[in-house]
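Student: sequence and computational prediction follow.
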Amino acid sequence: MAGNWKMYKTPAETNAYFEAFVPLTRDSGHADIVICPPFPALATAVAAAEGTAIQVGAQNLYWGREGAFTGEVSGPMLKAAGCSHVIVGHSERRQFFGEGDAEVARKAVAALDAGLTPIVCVGEKLDDREAGRTESVLMTQIAGALGAMSAAQFAALVVAYEPVWAIGTGRTATPQMAAEAHAIIRRECQRLFGDEAARLRILYGGSVKPENTPALMAQQDIDGVLVGGASLDPQSFAAIVNY
Ligand code: PEP
């Protein structure tokens, strides 16, 4: 159960969040919990999560280890800061910062090289879905992001299916739609990596709330959720985690 805070919360707000969230999820051993704050709040989140099962992830990284790349942050830096995960290829990165599948692939490998678990995001836009291109978009994104990886690299990552039209819009994919997309993703991974695909965790993201989580999580191929807006409130994210 992963929370993507996007560009919200200062270090002080992060502390306040963890004070409320930790007691609500102390007994939530059924799930792995990851919270992904913005870079300046990572150290605060790591300190606040100490002694709990909550893991901390970043929302982006650059593929270089270090160097003259002003404004960028590397995988080894995130690892040293205490992160375990990093979101890669979020649709907002693709849409506003021009990332394509080639960049997503490089970033995912850089994350793995640094010992981080990449949460690799894929998902179709509304016009793709309306034109019946969902399957081909997902297959292209999966092959483009993961196709050059080794089986061992593939085994160490997480995929998130996030239909772009459902992110931050209040429009959730129906459990049936999400399940179909997850099955497409697993099938494409099976084609690329064989039986290892059965163990892949695929998260659903897009206007997940406490109310729609049980029906989504009941789908066979939905292994977790990636939550934006509703993860900003500790009560609401805890209710999602404890669905
Ligand atoms: C996200 O940012 O990954 C996301 C799914 O956002 P929201 O839950 O707000 O739709």
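Tutor: The structure has been received and is ready for your questions.
Student: burial count for the closest residue to the ligand within the chain?
Tutor: Distance from the ligand to each residue of the chain (Cβ to the nearest ligand atom) is smallest for G228, at 2.1 Å. (Glycine included, C-beta is placed from N, CA and C.) A count of nearby residues for G228, using other Cβ atoms under 10 Å, gives 22.
Student: what does F237 give?
Tutor: Counted with other Cβ under 10 Å, the neighbours of F237 add up to 27.
Student: re earlier: wait, isn't the residue of the chain closest to the ligand in contact with I167?
Tutor: Yes. At 6.5 Å, G228 and I167 qualify as touching, with contact defined as Cβ atoms under 8 Å.
Student: overlap in contacts of those two?
Tutor: G205 (Cβ atoms under 8 Å, 6 or more residues apart in numbering).
Student: how much space between the residue lying farthest from the centre of the chain and E211?
Tutor: Computed with Cα atoms, centre = their mean, the residue of the chain farthest from its C-alpha average is A68, at 27.7 Å. To E211, A68 is 48 Å away according to Cβ to Cβ, to the nearest Å.
Student: now K79
Tutor: From K79 to E211 the distance is 36 Å (Cβ to Cβ).
Student: which one's more surrounded, those two?
Tutor: Shown here are K79 and E211; by other Cβ under 10 Å, K79 has more neighbours (18 against 13).
Student: what sits against that one?
Tutor: K79 makes contact with A114, G115, L116, according to Cβ under 8 Å, 6+ apart.
Student: show the subsequent helix or strand relative to the biggest helix by length in the chain.
Tutor: Counting by DSSP state H, the longest helix found in the chain is helix 175-193. Using DSSP states H and E, the next helix or strand after helix 175-193 towards the C-terminus is strand 201-205.
Student: and the following helix or strand past that following strand, what does it pack against?
Tutor: Following strand 201-205 in sequence order, the next helix or strand is helix 213-217 (DSSP H and E). Here helix 213-217 touches helix 175-193, strand 224-227, going by 3 or more Cβ pairs under 8 Å, 6 or more residues apart in numbering; DSSP states H and E.
Student: and the first one with strand 201-205, angle?
Tutor: Computed with axes from the mean of the first three to the mean of the last three Cα atoms, to 10 degrees, the direction of helix 175-193 lies at 140 degrees from that of strand 201-205.
Student: spell out which parts of this structure neighbour the ligand.
Tutor: Those residues of the chain that sit near the ligand, judged by Cβ under 6 Å from any ligand atom, are 4, 6, 162, 167-168, 205-208, 226-230.
Student: can you do 8 Å?
Tutor: The interface of the chain toward the ligand, taken as Cβ under 8 Å from any ligand atom, is made up of 4, 6, 87, 90-92, 121, 160, 162, 166-169, 205-208, 226-231.
Student: can I get the buried part of those residues as one PyMOL selection?
Tutor: With 16 or more other Cβ atoms under 10 Å as the criterion, this PyMOL line picks the buried residues out of these:
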select buried, resi 4+6+87+90+91+92+121+160+162+166+167+205+206+207+208+226+227+228+229+230+231
